[in-house]
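Enquirer: Here is the input, now give the coordinates:
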Amino acid sequence: MGASLKLGNNIWATKEGSLLSYNDGNDKYSPLPFTVARNSNATYVGRNGLLQTALPNVPRIDFSDSADGALLTEPQSTNLITYSEDYLNSPWSNPGFVTPNVAISPDGSSNASLLDLSTANSYISYPVTFNAVEQTYSLYLKSATVDGTFTINWFDGTHHRELVNLTTSWKRFDIVFTPTATSGFVYLGDSRGLSPTLDTAYAWGAQLEEISYATSYIKTEGTTITRIADVVTDAGDVTTFNSSEGVLYAEIATFDDTDNSFRHISLSDGSTDNVVKLVFYQNNVF
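Expert: Prediction:
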């Protein structure tokens, strides 16, 4: 078998609308662009470890989990929190507990807020109109000085409180839930019934999505914002791959194996008669 075509190999070539593959046989990029479409900005973790923004239709090479980087593709999602970084703005409650712009955030800017929730039963909250589907509430948190636990919460007529473990490094935390009411809140603090060891923390990047896992951060500044789905296609035809042999290879991880959706990678001649698929469904691969 001849040389294989790879994506990246720790050396990426991207531009608006396309991503080039890598040919390990002659140690150079092959002129086989994967067509990339996404009609919106989208964020990713760059090689420098900071959160960065890709312009529409520019592929995202994400370094969250690998020093080699990986092509990040995601479904469409909307951040329902209209002020994701500014906790002083309405409709966030109790702005007196917030000191803005006092720490470097995950995007490298001095725009993270300090929350002082040392007063008994203190909190900041954001009002939400719920649909009866799975929701994911996420945000970045870190401790100011020492490791410890902090409280994140949601309310749908009943309070649901969770302790999370903070360190002095930024980490994104999330809660996945299905509300039983049509309105409620997501919030921070109000630790009644729990025993957090920290009552202050830095916070940044609040997000609420109607999806069963946290997707890449979507910044908002007064309105809800939608990130359009990534669509990656093409990269070769019958003249590229011979008809008698070949390898279909992918390193894939699913975000959630509990729902009923299909996720797959496939190779075909453009018809439904000649196709090879690797399919994830719940806990099965076939």
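Enquirer: Quick one, grab the pLDDT at V128.
Expert: We have a pLDDT of 96 for V128.
Enquirer: what's the helix or strand for it?
Expert: Per DSSP states H and E: V128 is located in strand 123-129.
Enquirer: Now V275: closest residue in space, sequence neighbours ignored.
Expert: Residue nearest to V275 in three dimensions, not counting chain neighbours: S268, with 3.7 Å by CB to CB, 6 or more residues apart in numbering. Where you see a C-beta, it was placed from the backbone N, CA and C, and this is true even at glycine.
Enquirer: and the one you found, what is it in contact with?
Expert: 274-276 (CB atoms under 8 Å, 6 or more residues apart in numbering).
Enquirer: mind running it again at 10 Å?
Expert: 274-277 (CB atoms under 10 Å, 6 or more residues apart in numbering).
Enquirer: In strands, which of these fall?
Expert: 275-277 (DSSP state E).
Enquirer: Is it possible to mark the buried ones in these?
Expert: Buried by 16 or more other CB atoms under 10 Å: nothing, out of these.
Enquirer: Same list, those, but as CSV with distance to G148 and pLDDT please.
Expert: Below are these laid out as CSV (distance: CB to CB, whole Å; pLDDT from 0 to 100):
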residue, distance to G148, pLDDT
V275, 52, 76
V276, 50, 72
K277, 47, 73
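Enquirer: what's the closest of those to S183?
Expert: Ranked by distance to S183 (CB to CB), these are led by K277 at 41.7 Å.
Enquirer: Excluding sequence neighbours, find me the nearest residue to that closest one.
Expert: Nearest residue to K277, sequence neighbours excluded (CB to CB, 6+ apart): S266, at 4.3 Å.
Enquirer: I'd like the distance between the one you found and T180.
Expert: Distance, S266 to T180, by CB to CB, to the nearest Å: 38 Å.
Enquirer: Over to P106?
Expert: 32 Å.
Enquirer: residues near S66, how many?
Expert: By other CB atoms under 10 Å, the residues close to S66 number 11.
Enquirer: got the phi/psi numbers for it?
Expert: Note on S66: its backbone torsions stand at phi -150, psi 140 [degrees, to the nearest 10].
Enquirer: do G96 as well
Expert: Main-chain dihedrals, G96, degrees, to the nearest 10: phi -70, psi -20.
Enquirer: Could you pull up the residues touching it?
Expert: 88, 116, 119, 122, 124.
Enquirer: quick check, nearest of the residues you listed to S191?
Expert: S122 (9.1 Å).
Enquirer: how near is the closest residue to that closest one other than its chain neighbours to F177?
Expert: Leaving aside its sequence neighbours, S122 sits nearest to G189 (CB to CB, 6+ apart; 5.4 Å). According to CB to CB, G189 stands 18 Å off from F177.
Enquirer: do the same with I211
Expert: Distance of I211 to F177, computed by CB to CB: 12 Å.
Enquirer: out of those two, which sits in the busier spot?
Expert: I211 (20 against 17).
Enquirer: That one reaches E134, doesn't it?
Expert: Yes - counting by CB atoms under 10 Å, E134 is a contact partner of I211 at 6.9 Å.
Enquirer: Looking at the contacts of G96, spot the one nearest D68.
Expert: Nearest to D68 among the contacts of G96, with distances taken as CB to CB, is I124, at 38.6 Å.
Enquirer: What about the closest one, how many residues nearby?
Expert: Quick note: I124 (other CB under 10 Å) scores 24 neighbours.
Enquirer: Could you pull up the residues touching the residue lying closest to it once chain neighbours are set aside?
Expert: Nearest residue to I124 in three dimensions, chain neighbours excluded: N94, at 5.0 Å (CB to CB, 6+ apart). Going by CB under 10 Å, 6+ apart, N94 touches 87, 115, 117, 119, 122-125, 187-189.
Enquirer: Repeat that for L141.
Expert: 112, 115, 150, 152, 164-167, 170-173, 188, 198, 201-205.
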